[in-house]
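>>> sharing a model prediction with you, sequence too.
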Amino acid sequence: MKVKASVKFIITLTGCIGVLLYLGNAYLQRDDTDLPMQRHYFNYRQRPLNSQQNSLNSKMRPLNSQQGPLNSQQGPQNSQQGPQNSQQRPQNSQQGPLLTLFTTWTTTPERYDVYNNTLRNWPSLQPSINIIVFTNDVIPDKYKLLGWTIRPVKHQVNGHPVLKYMFLEAMEIQPMSKLYGFSNGDLLFTNSLIKTLHAVVNSPMLVNNTLMLVGQRMNTPDVSKEDAGSWKNITEASKRGTLMKNTLGIDYFITTPDYHWKYIPEVQVGQKLYDNWLVFDARRTGSDVIDVTRTLLAVHQDAPYPKHHGKMNHNRDLITENPRLLYNRGVVACSNLRTIKDGQNVRFKRPKLPRHCFG
């Protein structure tokens, strides 16, 4: 009886191993067909560690030495490493801003009030956040006095700015920033942005990870100058808004300095698919994509766009993936981490992703 039981156990175990090997091979084959740019990125990431580190040293900056809300056991000089990661970002004694945040726009009469609200709102985030606008329009000097850095758009296709070059230039303008981000010019923020980012840069579980932060916007009608005048008023105005679905477009992207912007195609903002493709690309290249919607209020000022907005499909020449694939996998709902409120603090949760994120 013991011999028969042993034989039965061995047969069952062998069958289970065979099934697992088959499923693993099928999963790898499916991923290979979906990653046409994988080889280029992975060749870069597989270079010798010293060579790769040297190429990133000018962009990778220290984490904030201040204690964050989740790091009650962390000393003022954090020497902890993230789980299963022995590589640390190089340390530097100088302190830079928490975030360098930039936007871009072409002014039209329909958007005057929107952009003026933004020009008044973003300076309230200083000194934690450095602010830049890339535009070929004339910005009044009074806004420069509020702390705005004004730069011309140097790289554009058919009038649409190329995102990667603005990220790279922002890194040159403020090389000490801990994070870099792009936002559409019609978003208003409160101190919830600062609190969320402090939690991110001070989290031991994220200390060495390459990150992309995204989130849903709050579509809010009739945002007045008074509404945009303070964080309290913005929060109150958002209560009449509607949260955009987490399977639709994305209006802001915040990344760590080591993000591979240099290798991103020349996708243009204000065009279709670039936002979904960026999230899709971040996921397939191993970055942590964090949904910060639950702790970061981003108020979208609903206002009409110009009637003649131009063609919206220029990015299709650069993006080879099927749009349906990007609309399924390149959305906020597919973020592998999310921030949530825990009293006055911010903590992280790993959600169960919907099936469309893999299909």
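The structure has been received and is ready for your questions.
>>> residue contacts, residue 184?
By C-beta atoms under 8 Å, 6 or more residues apart in numbering, residue 184 lies in contact with 103, 251-252, 269, 300. Placement of C-beta: from N, CA and C, glycine included.
>>> next one, pLDDT for the residue nearest to residue 132 when sequence neighbours are not counted please.
Nearest non-adjacent residue to residue 132, counting by C-beta to C-beta, 6 or more residues apart in numbering: residue 102, 3.9 Å away. pLDDT, residue 102: 98.
>>> now secondary structure, distance to residue 196 and neighbour count too, for the contacts of residue 184, in JSON lines please.
JSON lines is the format used below for the contacts of residue 184 (DSSP: H, G, I helix; E, B strand; the rest coil; distance: C-beta to C-beta, whole Å; neighbours: other C-beta atoms under 10 Å):
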{"residue": "103", "secondary structure": "strand", "distance to residue 196": "18", "neighbour count": "24"}
{"residue": "251", "secondary structure": "coil", "distance to residue 196": "15", "neighbour count": "18"}
{"residue": "252", "secondary structure": "strand", "distance to residue 196": "12", "neighbour count": "21"}
{"residue": "269", "secondary structure": "coil", "distance to residue 196": "23", "neighbour count": "20"}
{"residue": "300", "secondary structure": "strand", "distance to residue 196": "17", "neighbour count": "23"}
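>>> which members of those residues are the farthest-apart pair?
Largest separation among these by C-beta to C-beta: 269 and 300, giving 15.1 Å.
>>> hang on, the residue nearest to residue 132 packs against residue 131?
Yes - the criterion here is C-beta atoms under 8 Å, and residue 102 meets it with residue 131 at 7.3 Å.
>>> tell me which element residue 143 falls in.
helix 141-144 (DSSP states H and E).
>>> my error: substitute residue 235 in the last question.
Here residue 235, judged by DSSP H and E, is contained in helix 231-238.
>>> report all helices and strands that the following helix or strand past that helix contacts.
Using DSSP H and E, the helix or strand that follows helix 231-238 towards the C-terminus is strand 242-243. Helices and strands touching strand 242-243, by 3 or more C-beta pairs under 8 Å, 6 or more residues apart in numbering; DSSP states H and E, are strand 218-221.
>>> the strand it packs on: partners in the sheet, and parallel or antiparallel?
When sheet partners are counted by DSSP bridges, strand 218-221 sits next to strand 242-243 (antiparallel), strand 298-302 (parallel).
>>> report the mean per-residue pLDDT for the first one.
Over the span of strand 242-243, the pLDDT mean works out to 95.
>>> which other residues reach it?
By C-beta under 8 Å, 6+ apart, the residues outside strand 242-243 that reach it are 216-219, 293.
>>> coming back round to it: helix, strand or coil for the residue nearest to residue 132?
Under DSSP: H, G, I helix; E, B strand; the rest coil, residue 102 falls in the strand class.
>>> partners of it in the sheet?
In this structure, residue 102 bridges to residue 132, residue 182 when assessed by DSSP bridges.
>>> how near is it to residue 252?
Distance, residue 102 to residue 252, using C-beta to C-beta, to the nearest Å: 11 Å.
>>> which neighbours do these two share?
What both residue 102 and residue 252 touch, as defined by C-beta under 8 Å, 6+ apart, is the set 181-183.
>>> tally of neighbours for residue 224?
As a burial measure, residue 224 scores 12 neighbours (other C-beta atoms under 10 Å).
>>> also residue 163?
By the criterion of other C-beta under 10 Å, residue 163 has 24 neighbours.
>>> on that earlier part again, go through the contacts of strand 242-243 and name the one nearest residue 318.
Distances from residue 318 to these, taken by C-beta to C-beta, are shortest for residue 217, at 24.7 Å.
>>> list the contacts of the closest one.
Taking C-beta under 8 Å, 6+ apart, we find residue 217 in contact with 187, 243-244, 251-252, 298-300.
>>> swap in residue 268?
156-158, 160-163, 274, 314-315.
>>> now residue 114
Going by C-beta under 8 Å, 6+ apart, residue 114 touches 185-186, 223, 301, 303.
>>> let me know the pLDDT of it.
Per-residue pLDDT puts residue 114 at 95.
>>> would it count as being in a helix?
Yes - judged by three-state DSSP, residue 114 forms part of a helix.
>>> looking at this, residue 289 is in a helix?
No - Residue 289: not assigned to a helix; according to three-state DSSP it is strand.
>>> is residue 296 in contact with residue 192, as I believe?
Yes - if you go by C-beta under 8 Å, residue 296 and residue 192 touch, sitting 5.2 Å apart.
>>> sorry, back to before: ok, the contacts of residue 184 vs residue 113, which is closest?
Closest to residue 113, out of all of those and judged by C-beta to C-beta, is residue 300, at 13.9 Å.
>>> run through the bridge partners of the closest one.
residue 187, residue 219.
>>> I'd assumed residue 220 was in contact with it.
Yes - judged on C-beta under 8 Å, residue 300 makes contact with residue 220 at a distance of 6.2 Å.
>>> so which of the contacts of residue 114 is the most crowded?
Within the contacts of residue 114, most neighbours by other C-beta under 10 Å means residue 301, with 27 neighbours.
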